[in-house]
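[1] take a look and give me a structure for this.
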Amino acid sequence: MTISVSHLTKKYGSQKAVDDISFEINTGEIVGFIGPNGAGKSTTMKVLTGYLSDFEGTVRIHGLDVTEHTTEVKKRIGYLPEHNPLYLDMYVREYLRFVVKMYGAPHTKDRIQAIIQRTGLEKEQHKKLSQLSKGYRQRVGLASVLLHDPDVLILDEPTTGLDPNQIVEIRNIIADIGKEKTVMLSTHIMQEVEAICNRVIIVNNGVIVANNDSQSIKSEISQKQATVFVEFVEECSREQLLRIPDVLDVVAVNAHTWLLQQHTEKDIRKSIFKYAVDENLTVISMQIQEKSLEQAFYDLTKK
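    As a prediction, the model looks like this:
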């Protein structure tokens, strides 16, 4: 695997920002690393990139311990922080040449030109950074972390403040990069996670509360806190349907169609069908309403 985190704990004084978390990310994966503000996302990313060294546990990038091989690890990582640091008085090409020198990577016009093309900066490459829109500044940030050809990209809120068109453009660039590199992406945009991430790690209060693909997370939460859509031939009342065992609440769509929220993790569809038979009701359709990733995120982190 590319990234291996084992029993990572990071404290600030007596407060645990990250509390004994473990996970792995394989080569070629795009993993969404999400959670509420203050959940420990940025702290974890700073540990992975070597910016924080005072922690408990073990963190390895390509088998290299980040505390023992900090310089070598940093050469293998491209890190774009939430607030993209740029020298606004520089021109795009001038800035990229400066970044190449900072990394100590080979300075070639061909390499810089290839990255400019890959990140869609051709039309803006002769402008000062101060003249660029927020979307193009983010492109410059992505270009700068790709210049030294890292194996791993760690991106903290790369689409913050962008308009919908810019979000789609940056998202497409990240998806393209993810075909050949390992990408760890922090974001609050659930559509972004579902669009480009192979897997999602959700953290809350410094601990991991979910680690799976988005469909599996949604399905698991939907099963635990299911709402069942039921349509009958006959008209029903809310009072009638509340008598079904394990039904917590009932919401009318119309006199024939209802949403039934289950009381426990037990699948209530059998109870609904049995009740319908006993009450001479005809069921036309019945299905579990799957929650969105946003709803699943809320359920996993609201406490």
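
[2] quick check: mean pLDDT across stretch 84-97?
    The average of the pLDDT scores along stretch 84-97 is 92.

[3] ok, and what's touching that stretch?
    With contacts defined as Cβ atoms under 8 Å, 6 or more residues apart in numbering, stretch 84-97 is touched by 98, 107, 112, 115-116, 121, 124-130, 132, 137-138, 140-141, 143-144, 147. Bear in mind the C-beta positions are built from the backbone N, C-alpha and C, glycine included.

[4] from the residues you listed, which land in strands?
    Using DSSP state E, no member of those sits in strands.

[5] so where do the strands sit in the stretch 151-300 of the chain?
    With strands called from DSSP state E, counting those that start in this stretch, the stretch 151-300 of the chain shows them at 152-156, 182-186, 199-204, 207-212, 227-232, 247-252, 257-262, 283-289.

[6] pick the most deeply packed of those strands.
    strand 182-186 (a mean of 26; mean count of other Cβ atoms under 10 Å).

[7] mind listing residues that contact that one?
    2-3, 25-34, 41-42, 45, 48, 82, 151-158, 174, 177, 192-193, 196-197.

[8] report the buried members of the residues you listed.
    Buried members of these, counted by 16 or more other Cβ atoms under 10 Å: 2-3, 25, 29-34, 41-42, 45, 48, 151-158, 174, 177, 192-193, 196-197.

[9] low-confidence regions, the stretch 1-150 of the chain specifically.
    Applying pLDDT under 70 to the stretch 1-150 of the chain flags residues 1, 105-107.

[10] ok, V203 touching A39?
    Yes: V203 is within contact range of A39, at 4.7 Å (criterion: Cβ atoms under 8 Å).

[11] so which bits of stretch 47-61 are buried?
    V47, L48, T49, G50, L52, F55, V59, R60, I61.

[12] pretty sure G57 is in contact with L8, am I right?
    Yes: using Cβ under 8 Å, G57 makes contact with L8 at a distance of 3.9 Å.

[13] re earlier: the buried ones among the contacts of strand 182-186 in helices, which ones?
    Here DSSP state H is the test, and the buried ones among the contacts of strand 182-186 give K41, S42, M45, L48, I174, I177, E192, V193, I196 as lying in helices.

[14] now do the nearest residue to T2 once chain neighbours are set aside against D278, distance only.
    Nearest residue to T2, sequence neighbours excluded (Cβ to Cβ, 6 or more residues apart in numbering): T182, at 4.2 Å. Going from T182 to D278 by Cβ to Cβ, to the nearest Å gives 56 Å.

[15] one step back: what about the residue nearest to T2, distance to K134?
    With distances taken as Cβ to Cβ, T182 is found 26 Å from K134.

[16] quick check: K10 is in a strand.
    Yes: counting by DSSP: H, G, I helix; E, B strand; the rest coil, K10 is located in a strand.

[17] appreciated, that's everything.
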